[in-house]
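Visitor: Need coordinates for the below:
(one chain, ligands or ions: 1)
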Amino acid sequence: MTDRRTELAGNLARVEDRIATACAAAGRRRDEVTLIVVTKTYPASDVRLLAELGVRQVAENRDQDAAPKAAECADLPLTWHFVGQLQTNKVRSVAGYAGFVQSVDRARLVTALSREAVRAEREIGCLIQVALDAESGERGSRGGVAPDGVPVLAEEIAGAQGLRLDGVMTVAPLSGAYAGRQRAAFERLMEISSDLRAAYPAANMVSAGMSTDLEDAVAAGATHVRVGTAVLGVRPRLG
Ligand SMILES: *Cc1c(COP(=O)(O)O)cnc(C)c1O
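Guide: Predicted structure coming up:
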């Protein structure tokens, strides 16, 4: 019988090993890549164990689950990333705990986030979620703005009180030209990031890669990988 802490420690060590190996293969320093553990669907007790094991960055995709979990873990030295599709009526709650919102994909969300960040007297780091499979002017089925929408959204975030423009995020598309081509998708995201950094040099976060494709993301140049299943196990339900 292995207890949960031992299981999580083992999984974390394996993920750490994969990241280190991918960095070495890409000629990158290990400290250029930050692991964010996606704790969605798992209980606050797991988040607590992860914090004891040294995890400092965690991510959630649904406010209904994240808000109570973040409250239960308020004593821990954690930074919470919101990575799911975000409705404007949830923004006030999210602004109460999230240090980063990685799924910023429309002007209305920028307005709402700015208002609530100011109200909470917090600064929220914003990543623009890019939908690599979305047509010009549209949004992706799982959220995200089409690549050609990034400059306008960047300008809106950069000009908004209470928000900091930190970079870009993507989820490898399941359909379209990049379906099944994670490495190419992440390389495209790097191009978008480098265009963004030309205008906003501090917006240097590139969040890409999950349990199955983190090596592709590190090879392409991601600064942050978001790993759920490989650390916590296969999720008990869709999340
Ligand atoms: C769930 C989720 C992840 C983690 O996915 P795994 O395959 O479990 O590693 C990463 N990013 C986002 C946006 C997610 O919703």
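Visitor: what about the helices in this structure?
Guide: If DSSP state H is used as the criterion, the helices of the chain fall at 4-26, 44-52, 63-72, 91-95, 107-119, 150-158, 182-199, 214-220, 229-232.
Visitor: Need the winner for burial among these.
Guide: Of the helices of the chain, the one with the most neighbours on average (mean count of other Cβ atoms under 10 Å) is helix 214-220, at a mean of 23. In this view, the C-beta of every residue, glycine as well, is placed from N, C-alpha and C.
Visitor: which residues touch that helix?
Guide: The contact list for helix 214-220, computed with Cβ atoms under 8 Å, 6 or more residues apart in numbering, reads 15, 18-19, 21-23, 25-26, 28, 33, 172, 182-183, 186-187, 189-190, 208-209, 225, 227, 230.
Visitor: Say whether the ligand is contacted by that helix.
Guide: No: judged by Cβ under 6 Å from any ligand atom, helix 214-220 makes no contact with the ligand; its nearest approach is 8.0 Å.
Visitor: Among the contacts of helix 214-220, which ones lie close to the ligand?
Guide: Among the contacts of helix 214-220, the residues that sit close to the ligand (Cβ under 6 Å from any ligand atom) are Val227, Ala230.
Visitor: Looking at this structure, which residue is nearest the ligand?
Guide: Nearest to the ligand in the chain, going by Cβ to the nearest ligand atom, is Gly228, at a distance of 2.8 Å.
Visitor: where does that residue sit relative to Ala131, distance-wise?
Guide: Shown here: Gly228 relative to Ala131, a distance of 20 Å by Cβ to Cβ, to the nearest Å.
Visitor: now Asn11
Guide: 30 Å.
Visitor: One more: Val152?
Guide: Distance, Val152 to Ala131, using Cβ to Cβ: 15 Å.
Visitor: which ones are touching Tyr97?
Guide: With contacts defined as Cβ under 8 Å, 6+ apart, Tyr97 is in contact with Ala66, Ala67, Ala70, Ala71, Ala74, Trp80.
Visitor: before we move on, what about Gly125?
Guide: Gly125 makes contacts with Gly99, Phe100, Val101, Arg164, Asp166, Met205, as judged by Cβ under 8 Å, 6+ apart.
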